[in-house]
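J.: next one to model:
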Amino acid sequence: MRNLTLLTDLYQLTMGYGFYQNGKHEETVTFDLFFRRKELITYSIAAGLEQAMEYLLNWHFEEEDIAYLRGLNLFGEDFLEYLKNMRFTGDVYAVREGEPVFPGEPILTVKAPLIQAQFAETALLNIINHQTLIATKSSKITRATGGKGAVMEFGLRRAQGPDAGIYGARAAIIGGCSSTSNLITGQMFGVPVAGTMAHSFVMDYPTEYEAFRAYAKAYPDNCMLLVDTYDTLRSGVPNAIKVFEELKAEGHRPKGIRLDSGDLAYLSKKARIMLDEAGFPDAMICVSGDLDEKLINSLLQQGAKIDSWGIGTKLITSEDLPSLGGVYKLSSVIDENGKVTPKIKLSDNHAKITNPGFKSLYRLYDRETGMAIADLITLKDEVVDDSKPLTLFHPVETWKQYEVENFIAEPLQHTIVKDGKLVYHFPPLMEVQAFSKKQLSKFWEEYLRLDLPQLYKVDLSNGLHKLKFGMIDEIRQKTAKKTKRN
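T.: This is a model prediction of the structure:
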């Protein structure tokens, strides 16, 4: 395993040195990791927790790390000696991978000594931002197919580096992809791999037919032929049919064809007719080539005859939204007696005002339908009583109220790490995918649709709302008094 301890920003350590010099480095704090609302992200699929915990629980400063930091001439020797022995000793609470999450919700909460919690920021954001982004894109793409055909992740060659390719493919599986072309991801995480052929295979032979026949010889029972190298309808599909007939005569069952360019709606419909008339109604039509959820939706509306989808660039890079925008903010300081002092960041932009305090997250489900009603962010010591009606209200426009009854309140955050020890079992990746699909099925379609989705309710408990706006008023009053004096 690579030592990624220095996968961080310089200011994490300069702040750490400042905390150390002033005796604050060991005070207990909580930080929340969450993302803010963006136009193209109304929900996300949480991902990356397993790799984030691998980082957190394995950091250690090697001698060469200390030597490098010493060479920066920014830190005292006593601090460098402290770093040599620093390990993560805190707690982590997080939603499970594959869980649908919404803007403002604490996906992950760290409770730890200040220097440790602060040092963890950059790597946690790097890992969870990336995988959550790709899992979310995958979810949108796979849902766009309406269950009409498996989606294969084909993005490795277009990913921004090896790690983005490996862990992006992992996240794509969580989001719903059935397989990946990425062999190392398949090996590392035990997920299905898939692939066909490239145009170079066809071009290397004197004729398209000879290329198809050669591939069929190698894979007689898994023969998926790429038919758009020269002329899809006048050459590719007819040559594929000729080879399929030969395979059939030999007792084999051809798999199908792949289209990688051109008008995929028109070509797939024409190819379907040709294959059916030739006696191959079971031959699949797979398509690839710069696809995303919008194009998939358009193709299906046009009646395209497509059985599986290979998605590369626009999935692995999340081309239309290249960053999740997750943040990691201090939310409280906890003294040695357990007293919680909430912390808040203010802004002229309300969306950037943080929720203070040590918190929990609940999802409310209708008892009769089992469908999600709303999420509720509470203070840690608050109890959500689902035995009686509960009034929800908009966190800002409080006159917008909604009473729920006959509901179940389910906590979404789980204890992942306790006192620096992993206490959670990470399931196999395909189980994470199954969990994610199950959780998504509990949301009405209007919250998940691609165009103008209804915004899902994420509200604050009475206690958290009172704390937050009380702190805002108090800070602004103090600021106003200082301004008057000046």
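
J.: okay, now N349: neighbour count?
T.: Counted with other Cβ atoms under 10 Å, residues neighbouring N349 total 8. Bear in mind the C-beta positions are built from the backbone N, C-alpha and C, glycine included.

J.: one more: A218?
T.: 9.

J.: local confidence estimate at it?
T.: On pLDDT, A218 comes in at 96.

J.: also the one 5 residues further on?
T.: Per-residue pLDDT puts C223 at 96.

J.: count the neighbours of the residue nearest to N222 when sequence neighbours are not counted for me.
T.: Excluding the flanking residues, the one nearest N222 by Cβ to Cβ, 6 or more residues apart in numbering is K255, at 5.6 Å. Neighbourhood size, K255 [other Cβ under 10 Å]: 21.

J.: now do P342
T.: 21.

J.: gap between the closest residue to it other than its chain neighbours and T479?
T.: Excluding the flanking residues, the one nearest P342 by Cβ to Cβ, 6+ apart is P356, at 3.6 Å. Remark: distance between P356 and T479 (Cβ to Cβ, to the nearest Å) = 17 Å.

J.: give me the buried positions along stretch 279-288.
T.: Neighbour-count burial for stretch 279-288, with 16 or more other Cβ atoms under 10 Å as criterion, is recorded at F280, A283, M284, I285, C286, V287, S288.

J.: so what pairs up with the third one in the strands?
T.: Beta-bridge partners for M284, by DSSP bridges, are G256.

J.: cool, the last one as well?
T.: In this entry, S288 is beta-bridged to G310, by DSSP bridges.

J.: list the buried residues for the helix or strand in which A169 is found?
T.: Using DSSP states H and E, A169 sits in helix 162-175. Buried residues in helix 162-175, defined by neighbour count with 16+ other Cβ under 10 Å: A164, G165, I166, Y167, G168, A169, R170, A171, A172, I173, I174, G175.

J.: ok, back up a step: quick one: the buried residues of stretch 279-288 as TSV, columns for distance to F34 and pLDDT too.
T.: Shown next, in TSV, are these (distance: Cβ to Cβ, whole Å; pLDDT from 0 to 100):
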residue	distance to F34	pLDDT
F280	51	97
A283	47	97
M284	41	97
I285	42	98
C286	38	97
V287	37	97
S288	35	95
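
J.: out of the residues you listed, which is nearest to Y447?
T.: Checking those against Y447 by Cβ to Cβ gives V287 as the nearest, at 28.5 Å.

J.: residue contacts, the closest one?
T.: Applying Cβ atoms under 8 Å, 6 or more residues apart in numbering to V287 gives the contacts R258, L259, D260, L264, S268, L299, A304, I306, S308, W309, G310.

J.: narrow those to those in helices?
T.: Of the contacts of V287, the ones assigned to helices by DSSP state H are L264, S268, L299.

J.: for PyMOL, write the select line for the buried members of these.
T.: In PyMOL, selecting the buried portion of the ones in helices among the contacts of V287, with burial taken from 16+ other Cβ under 10 Å, looks like this:
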select buried, resi 264+268+299
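
J.: any chance of the ones in helices among the contacts of V287 in CSV with pLDDT and distance to G155 as columns?
T.: Formatted as CSV, the ones in helices among the contacts of V287 follow (pLDDT from 0 to 100; distance: Cβ to Cβ, whole Å):
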residue, pLDDT, distance to G155
L264, 97, 18
S268, 98, 22
L299, 97, 19
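
J.: before we move on, back to that, and the pLDDT for the residue nearest to P342?
T.: On the pLDDT scale, P356 is placed at 98.

J.: same check, this time on the one 10 residues further on
T.: Model confidence at D366, given as pLDDT, is 97.

J.: L448 too?
T.: The per-residue pLDDT reported for L448 equals 94.

J.: hang on, it packs against I45?
T.: No. Using Cβ atoms under 8 Å, L448 is not in contact with I45; the gap is 10.9 Å.

J.: so for those two, which sits in the more crowded spot?
T.: With neighbours defined as other Cβ under 10 Å, L448 and I45 compare such that I45 has more, 28 against 17.

J.: just say helix, strand or coil for the nearest residue to the more buried one once chain neighbours are set aside.
T.: Closest residue to I45 apart from its sequence neighbours, by Cβ to Cβ, 6+ apart: A135 at 4.0 Å. Classification of A135 using DSSP: H, G, I helix; E, B strand; the rest coil returns helix.
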